[in-house]
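Undergrad: Show me the folded form of this:
(one chain, ligands or ions: 1)
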Amino acid sequence: MCGIIGYIGHQEAFPIIIKGLKRLEYRGYDSAGVSIGRHDELNIIKTKGKVDNLEDISNKKNTSGKIGIGHTRWATHGEPNKKNAHPHCSGNGEFAIIHNGIIENYDSIKKALTIKGHEFKSETDTEVLIHLIEEIKTQENVTLFESVRLALNEIVGAYAIIVMQKGSNEEFIAAKNGSPLVIGIGNGEYFIASDATPIVEYTRNVVYLEDGEIAKVNKSLELEIKTITNVSKTPYIHELELSLDAIEKGGYPHFMLKEINEQPKSVLNTLRGRIDPETKEIKLGGIFDYEQKIINASRIIIIACGTSWHAGLIGEYLFEDLTRIPVEVEYASEFRYRNPILRESDIVLAISQSGETADTLAALKLAKSKGVTVLGICNVVGSSIPRLTDAGIYTHAGPEIGVASTKAFTTQVSVLALISLLIAYKKGEINQITYRELIREIELIPEKISKVLKSSSKIAKIAKRFSSSSNFLYLGRSYNFPVALEGALKLKEISYIHAEGYPAAEMKHGPIALIDENMPIVVIATQRTNYEKIISNIQEVKSRGGKIIAIVTMGDTSVKEIADYCIEIPDSAEQFSPILANIPLQLLSYQIAVLRGCNVDQPRNLAKSVTVE
Ligand code: G6P
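TA: Coordinates of the predicted model:
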């Protein structure tokens, strides 16, 4: 993972880099470092821990300079400590590099370089790359640009890199393959970063580097881009739509809480322009040309990771229930390595908040290489996944910065609901009355989310009661089973409490053995169908002493009689109730994590955008 940033221009580089690193910290936060160019020196400062630590230790140092690079790390090779923090330097101290990704063949290169006399100070793959660049530069006597280009031809793996040279304070070199990199073009200045959030307050003009491209970024010259195979490319300048407000906390103590509370608006933004206000028809411009292909698909294969995979599971229920098209939901990491059977009549649908998850991206590439139509549901505009897919739909949730995904999930499910409704109707699987009725229901979801958010203080009391529990079980049936999985994931991610999500009826085949009077069990009991069956499951838990926290529909009486605690959500069509039912679970995890003193926005060992496999 890791976040990288570079600045070159007429302003002081250090403050821009530190501010940018703080915005990129969701990508990793176990160590951080900068290299600032000044006169004929590279001033390198690095430390274990967060960007705040880096800022603190830098206070006592001279950080002036108009060119610099910075890095916030999520360790892959080598433990998180000062030695392994980036930037890394060449053996002669002439060059510094920051890197996001993994150099897979670093070991063989390291051995070859060691024979030639190179000595390494860290355990990282990145240091090997900068030594290789140095070696080529010395042997071939070529420019830095050419040395980096030649070195990258020897590399197997993923990278977004920026390389700077001592004394060369006008220029640095950037390149990308598999990890994201955006170049912001200002007035006599350039900003480079892993995403656009550090750039947006300075310029709206950006170039997204493509895989296998390398750029010469010289503050007095136009941007020069080539492929690493030495073919010149014309930079295509995009205009950023991101707003600065969207990437700040806006008075909330944590991004996660802000993002939970934003959901009425984010789901509204997802639906906006996609339901014709007059005809009440769904219009999905992003997949319009592929509608027939989806209708005729023999199978839809959803690929995703983490929370997006849970959204995919709800997609399976939605598609199969409404469109009658068979669906498989695959972990991208498994799919890509198991020689999957793909047919031309299949549709592969990738779901990803960031659009950069390495496994999802690789699975998508695999599907594409087999000639299958690939579609995407993504939040980050211009990210790698939407650029790779044949067509797709953006969720328009706005930037999600808290590492634990919240509004991305509810907006992904909203998009899945829109697609399945549209296809079901066009395929003739639901009639116009049902179609209209379900559209009316989905339009009410944002308002109903606002109502659910009002239970926050009630949830806070439940959180207080169970904040010191060491295990949680989450149960749900049908559409609510993925909600149980997502609820459990959210709790373990941010509070470090062990939690498992299970299909309610499956509980008796194992997890029931865990239940005693200390075990809180969250049951999502909102469905209209199989209501009695979930009540029986609750009884099974209750009779073993488990403490039941139930999510129920407003007006419910039967579950309320048995459960220890109930959180009510408004009634809605069963297909959309997972969106509502998920919200109290987000709040419960959040409140528990805060009570336990956890770092909610940056949980240990996690990162938001997982650009390594
Ligand atoms: C990481 C994040 C999760 C996210 C998953 C998939 O593990 O911490 O919150 O669900 O990656 O990310 P994506 O951007 O592809 O949805």
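Undergrad: Ser58 contacts Ile45, doesn't it?
TA: Yes - counting by Cβ atoms under 8 Å, Ser58 does reach Ile45; the two are 5.3 Å apart. Backbone N, C-alpha and C define where each C-beta goes, glycine included.
Undergrad: Find the residues that touch each one of the two.
TA: Val34 (Cβ atoms under 8 Å, 6 or more residues apart in numbering).
Undergrad: Tyr159: what's it in contact with?
TA: 99-103, 129, 152, 175-179.
Undergrad: now swap in Ile351 and tell me
TA: Contacts of Ile351 by Cβ under 8 Å, 6+ apart are 302-304, 308-309, 311-312, 315, 360, 376-378, 412, 416.
Undergrad: and those near the ligand, which?
TA: Near the ligand, taking Cβ under 6 Å from any ligand atom as the test, the members of these found are 308, 360.
Undergrad: Take the contacts of Ile351 and keep only those in strands.
TA: Among these, the ones falling in strands (DSSP state E) are 302-304, 376-378.
Undergrad: between the residues you listed, which is nearest the ligand?
TA: Among the ones in strands among the contacts of Ile351, Ala304 lies closest to the ligand (Cβ to the nearest ligand atom), at 6.3 Å.
Undergrad: what pairs with that closest one across the strands?
TA: Beta-bridge pairing for Ala304 (DSSP bridges): Tyr331.
Undergrad: Can you give me the pLDDT of it?
TA: Ala304 carries a pLDDT value of 97.
Undergrad: correct me, but it touches Ala332?
TA: Yes - the criterion here is Cβ under 8 Å, and Ala304 meets it with Ala332 at 6.2 Å.
Undergrad: so where do the strands sit in the stretch 151-300 of the chain?
TA: Remark: strands assigned in the stretch 151-300 of the chain by DSSP state E, counting those that start in this stretch are 157-165, 171-177, 182-185, 190-193, 205-208, 213-218, 224-227, 232-233, 238-239, 299-304.
Undergrad: Please tell me how far the second one is from the chain's geometric centre.
TA: When distances are taken as Cα atoms, centre = their mean, to the nearest Å, strand 171-177 is centred 23 Å away from the chain's centroid.
Undergrad: Give me the angle between it and strand 213-218.
TA: Compare the direction of strand 171-177 with that of strand 213-218 by axes from the mean of the first three to the mean of the last three Cα atoms, to 10 degrees and you get 160 degrees.
Undergrad: Could you give the number of residues near the residue of the stretch 451-600 of the chain found nearest the ligand?
TA: Of all residues in the stretch 451-600 of the chain, Glu493 sits closest to the ligand, at 7.0 Å by Cβ to the nearest ligand atom. Glu493 is flanked by 23 other residues according to other Cβ atoms under 10 Å.
Undergrad: likewise Ser536?
TA: By other Cβ under 10 Å, the residues close to Ser536 number 11.
Undergrad: Kindly report the same for Ala505.
TA: 16.
Undergrad: Tell me the secondary structure at Leu475.
TA: strand (DSSP: H, G, I helix; E, B strand; the rest coil).
Undergrad: can you pull the contacts of it?
TA: Shown in contact with Leu475 (Cβ under 8 Å, 6+ apart): 484, 501-504, 507, 521-524, 537, 541.
Undergrad: host element of Ala550?
TA: Using DSSP states H and E, Ala550 falls within strand 547-553.
Undergrad: Direction included, what does that strand pair up with?
TA: Applying DSSP bridges, strand 547-553 is found paired with strand 520-525 (parallel), strand 565-569 (parallel).
Undergrad: Deepest-packed of the ones you listed, please.
TA: Ranked by average neighbour count under the criterion mean count of other Cβ atoms under 10 Å, the strands paired with strand 547-553 are headed by strand 520-525 at a mean of 28.
Undergrad: Tell me which helix or strand comes right after that one.
TA: Once the chain leaves strand 520-525, the next helix or strand it forms, by DSSP H and E, is helix 531-542.
Undergrad: what's that next one packed up against?
TA: Under the contact criterion of 3 or more Cβ pairs under 8 Å, 6 or more residues apart in numbering; DSSP states H and E, helix 531-542 touches strand 520-525, strand 547-553, helix 558-562.
Undergrad: nearest residue to Tyr290 other than its sequence neighbours?
TA: Nearest residue to Tyr290 in three dimensions, chain neighbours excluded: Ala391, at 5.0 Å (Cβ to Cβ, 6 or more residues apart in numbering).
Undergrad: Touching, the one you found and Gly285? I think so.
TA: No - Ala391 is not in contact with Gly285 according to Cβ under 8 Å; the separation is 9.5 Å.
Undergrad: Look at the two and report which has more neighbours.
TA: Taking other Cβ under 10 Å, Ala391 and Gly285 do not tie; Ala391 has more neighbours (19 against 10).
Undergrad: can you tell me which residues contact that one?
TA: Residues near Ala391 by Cβ under 8 Å, 6+ apart: 286-287, 289-290, 375-376.
Undergrad: go on, Ile494?
TA: Neighbour list for Ile494: 256, 403-404, 589-590, 593, 598, 600, 603 [criterion: Cβ under 8 Å, 6+ apart].
Undergrad: With Ile173 instead?
TA: For Ile173, the contact set (Cβ under 8 Å, 6+ apart) comprises 144-145, 148, 162-164, 214-217.
Undergrad: next one: Pro340
TA: 301, 330, 366.
Undergrad: On the three-state scheme, it is what?
TA: Relying on three-state DSSP, one would call Pro340 coil.
Undergrad: Do you know the pLDDT at it?
TA: At Pro340, the pLDDT recorded in the model is 91.
Undergrad: 796 is where my numbering starts, stick with that
TA: Yes, from this point I'll number from 796; that puts the last item at Pro1135.
Undergrad: give me phi/psi at it?
TA: Per-residue torsions, Pro1135: phi -70, psi 150 (degrees, to the nearest 10).
Undergrad: do you know how far it is from the ligand?
TA: Computed as Cβ to the nearest ligand atom, to the nearest Å, the Pro1135 to the ligand distance reads 19 Å.
Undergrad: Can you tell me how far that residue is from Thr1155?
TA: Distance, Pro1135 to Thr1155, using Cβ to Cβ, to the nearest Å: 14 Å.
Undergrad: Also Ile1240?
TA: Remark: distance between Ile1240 and Thr1155 (Cβ to Cβ) = 26 Å.
Undergrad: quick one: which of those two has more around it?
TA: In terms of neighbours (other Cβ under 10 Å), Thr1155 is the more surrounded of Ile1240 and Thr1155; the figures are 30 against 26.
Undergrad: The closest residue to the more buried one other than its chain neighbours: how many residues sit nearby?
TA: Using Cβ to Cβ, 6+ apart and skipping the chain neighbours, the partner closest in space to Thr1155 is Ala1127 (4.2 Å). Ala1127 is flanked by 28 other residues according to other Cβ under 10 Å.
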